[in-house]
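Colleague: this one's sequence-less:
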């Protein structure tokens, strides 16, 4: 049940790029909204980590390795904020969709496996590519989808600290797409 909850929370992130696409916020306004959300998120994480705050949501929606370290949802917010502040919408919107949709699909298809199967990685690539193609030239879209897939399929650990793919997916995808746009 917790896995489904995590996937649904993940997918709710589509609200950010959709709010821009539907004209609810300008790109700059979305940056401000997400920055405020990040400030709240970091405050909650500080309280959780310092005081041992044990709300139901933390108990049920964080992973074991996140119990005493920054949780994935905070890194999700950092990734979203960096993407919206550092990149134009043509790059940022698909990077956000790749995180919100591509990552939970890959997680579901690759559940329990230390290394994701070719099927799971192929699904992530296709989903990410489909979200990038409406916004970018094919080369940039493919580069972004490849980067997001690589970030989803490879666990990064620095000195025993797992760098959650909630951070690496949108950043890797956005950088790759931006480079793709510059090259094309």
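Modeller: Nice, I can see it. Nothing here was measured: the structure is a model prediction, and the numbers come from that model.
Colleague: pLDDT value on residue 67, please?
Modeller: Residue 67 is assigned 59 on the pLDDT scale.
Colleague: Can you name the residues in contact with the longest helix along the chain?
Modeller: When the chain is parsed with DSSP state H, its longest helix is helix 27-51. Residues from elsewhere that reach helix 27-51, judged by Cβ atoms under 8 Å, 6 or more residues apart in numbering: 16, 19-20, 25, 53, 55, 58, 68-71, 73-74, 77-78, 80-81, 84-85, 88-89, 92. All C-beta spots, glycine's among them, are computed from the backbone N, C-alpha and C.
Colleague: List buried residues within these.
Modeller: 16, 20, 25, 58, 69-71, 73-74, 77-78, 80-81, 84, 89, 92 (16 or more other Cβ atoms under 10 Å).
Colleague: tell me the least confident of the residues you listed?
Modeller: residue 58 (53).
Colleague: what about the residue of the chain most remote from its centre, distance to residue 45?
Modeller: Here the chain reaches farthest from its C-alpha mean at residue 51, the gap being 27.0 Å by Cα atoms, centre = their mean. Using Cβ to Cβ, to the nearest Å, residue 51 is found at 11 Å from residue 45.
Colleague: Equivalent analysis for residue 102, please.
Modeller: Residue 102 is 24 Å from residue 45, by Cβ to Cβ.
Colleague: Comparing the two, which residue is more hemmed in?
Modeller: A count of neighbours by other Cβ atoms under 10 Å puts residue 102 above the other of residue 102 and residue 45, at 32 against 20.
Colleague: residues contacting that one?
Modeller: 124, 127-128, 131, 148-149, 152, 169.
Colleague: re the thing from before, now, the buried ones among the contacts of helix 27-51 that are in helices?
Modeller: Checked against DSSP H, the buried ones among the contacts of helix 27-51 include these in helices: 16, 20, 58, 73-74, 77-78, 80-81, 84, 89, 92.
Colleague: now for those residues, which pair is the farthest apart?
Modeller: Greatest spacing in these, by Cβ to Cβ: 58 and 89 (32.5 Å).
Colleague: So which residue is dead centre in the chain?
Modeller: Short answer for the chain (Cα atoms, centre = their mean): residue 99, at 3.2 Å.
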